[in-house]
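Enquirer: Sequence isn't available, so here's the structure alone:
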């Protein structure tokens, strides 16, 4: 037997399907918007993104500085040596500054034009807190003597960079080991 309340109740109409679909889309869209906003915020404030950006800056600065240090034209010596000094900091810059006059004489006598092209490079070490980094750069260096034919060679160099107020600069530069560089075992 039906109760009085049940007999007098008006039957409920089902929720129209289009309205239900819109309601679900609104809820889903709000959820997606919230997720997308959070993802964007998290990516923008992620330490790994900042580290990757710094790594890219170090690589670009390192490649350019190593290229600068291997490019010099005896016909425009002042600008070339100024570029060398501008690419360096610390002890390396001091060495370049103190040895500049002697080096100028040697280049003027040799009358060579040296140009470098970066073939590849990599950051091998990066300490953002200390402001120190290391890069390895492969170059093709072409030397053209006065009245002679250009001679090209490939070289791998290791550079140490230091963060300065003007950006990342070379603080040391040297030849990378090539071939079998066996390490003696430690007893």
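Expert: Cool, the structure landed. This structure is a prediction, so every number in the text was calculated from the model and none was measured.

Enquirer: switch to C-alpha atoms for all contacts and neighbour counts from now on
Expert: Fine.

Enquirer: Can you get me a residue count around residue 50?
Expert: Look at residue 50: counted by other C-alpha atoms under 10 Å, it has 14 neighbours.

Enquirer: ok, now residue 66?
Expert: Neighbour count of residue 66, defined by other C-alpha under 10 Å: 28.

Enquirer: Am I right that it sits in a strand?
Expert: No - with DSSP: H, G, I helix; E, B strand; the rest coil as the criterion, residue 66 is located in helix rather than a strand.

Enquirer: That one against residue 137, yeah?
Expert: Yes - with contact defined as C-alpha atoms under 8 Å, residue 66 and residue 137 form a contacting pair (7.3 Å).

Enquirer: Nearest spatial neighbour of residue 96, chain-adjacent residues omitted?
Expert: With sequence-adjacent residues excluded and distances taken as C-alpha to C-alpha, 6 or more residues apart in numbering, residue 96 is closest to residue 85, at 6.5 Å.

Enquirer: name the element that neighbour belongs to?
Expert: Assessed by DSSP states H and E, residue 85 sits inside helix 77-86.

Enquirer: any chance you could map the helices in this protein?
Expert: Ranges of helices in the chain, per DSSP state H, are 4-8, 17-44, 47-69, 77-86, 90-98, 100-110.

Enquirer: ok, of these, where does mean pLDDT dip lowest?
Expert: Here the helices of the chain differ in mean pLDDT, and the lowest is helix 4-8 at a mean of 58.

Enquirer: Which strands or helices does the helix holding residue 85 pack on?
Expert: helix 47-69, strand 72-73, helix 90-98 (3 or more C-alpha pairs under 8 Å, 6 or more residues apart in numbering; DSSP states H and E).

Enquirer: Same question for it: list its buried residues.
Expert: 80-81, 83-85 (16 or more other C-alpha atoms under 10 Å).

Enquirer: Check the burial of residue 169 by counting its neighbours.
Expert: Residue 169: 29 neighbours (other C-alpha under 10 Å).

Enquirer: got it, and residue 110?
Expert: Residues lying near residue 110 (other C-alpha under 10 Å) number 12.

Enquirer: That one: what's it in contact with?
Expert: By C-alpha atoms under 8 Å, 6 or more residues apart in numbering, the contact set of residue 110 is 145-146.

Enquirer: how close does it sit to residue 68?
Expert: To residue 68, residue 110 is 19 Å away according to C-alpha to C-alpha, to the nearest Å.
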